[in-house]
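> I need the structure of the sequence given here:
(chains A and B)
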Number of protein chains: 2
Amino acid sequence: MKTVIGIDLGGTNVRVAKITENGEVLQELKSPSYGMEGPEKVTSNIINLVKQIEDYKSCVGIGVGVPGPVDTVNRVMKLSSNLKGFTDYPLAKIMEEELGLPTYLDNDANVAGLAEARVGAGKGLPIVYYVTISTGIGGALCVDGKVISGRRGYAGEVGNLIIDPYRAPFNNLNAGASESEASGRALTRKGQEIFGEDKINHAGDVFALAQSGNEEAVKLVDQLTTDLAVLFSHIALICDPHMFVIGGGMTKSKEFWWDAMIEKFQQRVHGGMRDVTFTVAQLDEPGIVGAAMLPLSYGL
Amino acid sequence: MKTVIGIDLGGTNVRVAKITENGEVLQELKSPSYGMEGPEKVTSNIINLVKQIEDYKSCVGIGVGVPGPVDTVNRVMKLSSNLKGFTDYPLAKIMEEELGLPTYLDNDANVAGLAEARVGAGKGLPIVYYVTISTGIGGALCVDGKVISGRRGYAGEVGNLIIDPYRAPFNNLNAGASESEASGRALTRKGQEIFGEDKINHAGDVFALAQSGNEEAVKLVDQLTTDLAVLFSHIALICDPHMFVIGGGMTKSKEFWWDAMIEKFQQRVHGGMRDVTFTVAQLDEPGIVGAAMLPLSYGL
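Numbering: from 1, shown residues only, chains lettered A, B, ... in the order given. Alright, predicted model coming up:
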């Protein structure tokens, strides 16, 4: 069975693992990523970690998931707020030279979606759309086991999709962007505006208030399910996926919003699209498994 | 050079042509389609037309563009308002049996997009998004020279994308659907509401009034460019294409809306996405050429 090196590179930590083509993790190492100490330090640290993987030279390739958009043709990040100096830095090329294995790069949401499409909830389906709803909202379009990452890696930037153009803008996103309206952080913000910061620490507090019958909290959750339904209708009407796979922290509270969201989604698409499956992401470590799936998605 | 049979099947007429892999039309026949007389009549007529194509048996396959969503796996239409009895009718299978050539089916907007992606304005680009803005609005996502038609053929149904959820619904589409707000028919409707049916026959009349300085017409055109910008931002944030190819009647009036729309689009996407190319569709007969491209897109 083929094995691949998967690397989940974040601003704080980096994880390096040897993974089978079925997504089984055989060996995993974790270390600080030194993300603010410059790309040379980050890269030499990763190379040392890979060399600690048993028989790493027998792997077919290396895949790296990074926190930001990637030009997958030139294999460089195009924007890196959590990894200092990484914009246009030739990480993949240097790793190839040092380690002798073909190396591919894509952003973390894209590789998580790829993992779910190849060895997770969407395994075997032609078109899988992965959406992570957590602090932020991100997504990935996977077709025939490959990520469509786009011209400059911005495919799947669904957190910036406009849900309602008449709301206020936040964080340099569009006015009424889905991430500003329907993410975990958005629900927390809206809850705090009404109930105060002492009462609302996270989205779960708003769901709890709604369940206890608080009318204002019920309204917030009702708005959330409408906003998510619009988001998913946008995606469905553009690529009509065989399955939506939903990951991220908000799935832990799915009993409060899932069914209502799907009902509202069905009102916003054509009749033949209403029975599309929505499924919770299956994998425990989609980031590192998805990174390992990258070289395989390129035919290795 | 490979040749293919392309068939553009509409509710009123059908065109059958022999076309090279470069998109050159070698021979073309046209006939009524008998779309309301039942699928047997439509099919036998098409088969007769194909048999009139010189040396049709030397073609690698047949592609058919039809007016409605298609299940491309089972090669049947899923909804056919202009072709009576065609939902789930095995047109492709019957043609294969009668003509001995592999036969593929997809909807008319998808094949038009495929034509532009393979031999038109987007030739050679990895991801091309085609949008036709005419009486209605339709689209097609093409990746590596193939159409992504979706689970049930509804990919590219961008006419139903919500642009502004607070507007009125029309024609069974979503409230604020792009087709109801930014198509040629939409602009005509809005113009007629203000200026009367005697003054406005088509979208061009609204553009002419706006150019003459009429303030209400200027407002309508301003709203149109905003609405189209939102539509294109939705698409870009989901699949980040290398090029948008725009077809349809509204491109004839492009001097009135094109530049303003692009400026507004740029305000609604991330910085690295602003320089994506918008191009007018190039082909005179994208429907029939795209139908011929279908078998090639499946590897024939």
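
> CA only for contacts and neighbour counts going forward, please
Fine.

> List phi and psi for A:V230.
Main-chain torsions, A:V230, degrees, to the nearest 10: phi -60, psi -40.

> What of A:M77?
phi -70, psi 150.

> Need the pLDDT of the closest residue to it other than its chain neighbours.
Distance criterion CA to CA, 6 or more residues apart in numbering or on different chains; nearest residue to A:M77, sequence neighbours excluded, is A:V70 at 4.3 Å. Note for A:V70: predicted pLDDT of 91.

> I'd like the distance between A:V70 and chain B.
From A:V70 over to chain B the distance is 11 Å, taken as CA to the nearest CA, to the nearest Å.

> Pull the contacting residues for that residue.
Listed by CA atoms under 8 Å, 6 or more residues apart in numbering or on different chains, the contact set of A:V70 reads A:V76, A:M77, A:K78, A:L79, A:L105, A:D106, A:N107, A:R152, A:G153, A:Y154.

> Could you do A:I288 as well?
A:G6, A:I7, A:D8, A:R15, A:V16, A:A17, A:G65, A:A112.

> repeat that with 10 Å
A:5-9, A:14-19, A:23, A:25, A:28, A:63-65, A:108, A:111-112, A:115 (CA atoms under 10 Å, 6 or more residues apart in numbering or on different chains).

> Same check on A:E157?
So A:E157 contacts A:69, A:109-110, A:131, A:137-140, A:149, A:179, B:234, B:236-240, B:269-270 (CA under 10 Å, 6+ apart).

> picking that back up, could you tell me which of the contacts of A:I288 are located in helices?
A:D108, A:V111, A:A112, A:A115 (DSSP state H).

> Thought A:A291 was touching the third one, still the case?
Yes. Distance between A:A112 and A:A291: 7.7 Å, which falls inside the contact criterion (CA atoms under 10 Å).

> Quickly list what's touching both of the two.
Going by CA under 10 Å, 6+ apart, residues that sit against A:A112 and also against A:A291 are A:G65, A:D106.

> Give me the more crowded residue out of those two.
A:A291 (34 against 30; other CA atoms under 10 Å in any protein chain shown).

> tell me the contacts of A:V221?
Here A:V221 is in contact with A:182, A:187, A:191, A:203, A:206-207, A:209-211, A:215, A:227, A:256-257, A:260-261 (CA under 10 Å, 6+ apart).

> That one - that's part of a strand, no?
No. Per DSSP: H, G, I helix; E, B strand; the rest coil, A:V221 lies outside any strand segment and is helix.

> what about it, distance to A:F195?
Separation of A:V221 from A:F195 (CA to CA, to the nearest Å): 14 Å.

> hmm, back to that, out of the contacts of A:I288, list just those in strands.
The members of the contacts of A:I288 that map onto strands under DSSP state E are A:5-9, A:14-19, A:25, A:28, A:63-65.

> Which single one of those residues is nearest to chain B?
For the ones in strands among the contacts of A:I288, the residue nearest chain B by CA to the nearest CA is A:G65; the value is 18.7 Å.

> burial of that closest one, as a residue count?
A:G65 has 28 neighbours, counted by other CA under 10 Å.

> ditto for A:N45
16.

> which one is A:L125 nearest to, not counting chain neighbours?
Using CA to CA, 6+ apart, the closest residue to A:L125 is A:H242 (6.6 Å).

> same check, this time on A:R152
A:D71 (4.7 Å).

> I figured the one you found was touching A:A92, is that so?
No. With contact defined as CA under 10 Å, A:D71 does not count as touching A:A92 (11.6 Å).
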